[in-house]
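J.: Any chance you can model this:
(chains A and B)
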Amino acid sequence: AQTVTQSQPEMSVQEAETVTLSCTYDTSESDYYLFWYKQPPSRQMILVIRQEAYKQQNATENRFSVNFQKAAKSFSLKISDSQLGDAAMYFCAYSLQGAQKLVFGQGTRLTINP
Amino acid sequence: DSGVTQTPKHLITATGQRVTLRCSPRSGDLSVYWYQQSLDQGLQFLIQYYNGEERAKGNILERFSAQQFPDLHSELNLSSLELGDSALYFCASSPIPTGLTEAFFGQGTRLTVV
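T.: Take a look at the predicted model:
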């Protein structure tokens, strides 16, 4: 079974600094998707960024970028120029291509210090 | 706003009771997913419907059931409620039956069983 592990239950960073959240996953498949979701206090699950496993280029969305290491099964999220609005729970998730479900990690609570 | 609407936002009920959670997907989305977020289990996939038919099943208890209606809204029915069913229940929708590259989440229904 596929599993997703986020080893950092909590992280904090100073406003305007850069922070990296870690995620590892376990799968024997070669075609899959990886995601980072943000859950602010409003509880809404917001898609931050996604990566297709067949793409070697790391995905980037404005201040958010990933470091996808397929051989190491690692998928970290880097947030540059952290803003107070980035404070939230961040979930790493995996989906097998053609599958119907997301498998989530346990989440990392990110605090932004002003 | 993701376009996915869940009602009610909060629900408090007693053990042994039955409740119905409702989800209206984004306009045009045929696929609806239900997830449970609890403190001890994290985010877990429950069930998926596509255009009115059950498509995939996850860790859904026999006391729970769901359906998707012709207008594509979905309902999750939880019966014989136990304290451990207290959780945040999310609905997500996507336009296609497989591959969650475009899944959008609602704001969730917070269920408290007392």
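J.: tally of neighbours for B:Gly28?
T.: By the measure other C-beta atoms under 10 Å in any protein chain shown, the count of residues near B:Gly28 is 9. All C-beta spots, glycine's among them, are computed from the backbone N, C-alpha and C.
J.: Contacts only, for the closest residue in space to it that isn't next to it in sequence.
T.: Once flanking residues are discounted, B:Gly28 sits nearest to B:Pro95: 6.1 Å by C-beta to C-beta, 6 or more residues apart in numbering or on different chains. By C-beta atoms under 8 Å, 6 or more residues apart in numbering or on different chains, the residues touching B:Pro95 are B:Arg26, B:Gly28, B:Asp29, B:Leu30, B:Ser31, B:Glu102.
J.: For B:Pro95, give its distance to A:Pro40.
T.: 25 Å (C-beta to C-beta, to the nearest Å).
J.: With A:Leu47 instead?
T.: Taken as C-beta to C-beta, the span from A:Leu47 to A:Pro40 is 13 Å.
J.: Comparing these two, which residue is more hemmed in?
T.: Taking neighbours as other C-beta under 10 Å, A:Leu47 and A:Pro40 compare with A:Leu47 leading, 18 against 13.
J.: quick one: what helix or strand has the more buried one in it?
T.: Using DSSP states H and E, A:Leu47 falls within strand A:46-52.
J.: neighbours around B:Met110, how many?
T.: Heads up, residue B:110 is Arg, not Met. When neighbours are counted by other C-beta under 10 Å, B:Arg110 registers 16.
J.: what about it, which helix or strand?
T.: Short version, using DSSP H and E: B:Arg110 is in strand B:109-113.
J.: Contact partners for the residue most central in space within chain B?
T.: With distances taken as C-alpha atoms, centre = their mean, B:Trp34 lies nearest the centre of chain B, 3.3 Å away. By C-beta under 8 Å, 6+ apart, the contact set of B:Trp34 is B:Cys23, B:Phe45, B:Leu46, B:Ile47, B:Gln48, B:Ile60, B:Ala66, B:Ser74, B:Leu76, B:Tyr89, B:Phe90, B:Cys91.
J.: picking up where we left off before, tell me what the following helix or strand past the strand holding A:Leu47 is packed against?
T.: Using DSSP H and E, the helix or strand that follows strand A:46-52 towards the C-terminus is strand A:60-61. Contacts defined by 3 or more C-beta pairs under 8 Å, 6 or more residues apart in numbering or on different chains; DSSP states H and E place strand A:60-61 against strand A:46-52.
J.: who touches the strand it packs on?
T.: By C-beta under 8 Å, 6+ apart, the surrounding residues in contact with strand A:46-52 are A:33-40, A:58-61, A:64-66, A:68, A:75, A:77, A:90, B:2, B:101, B:103-105.
J.: Many thanks, I have nothing further to ask.
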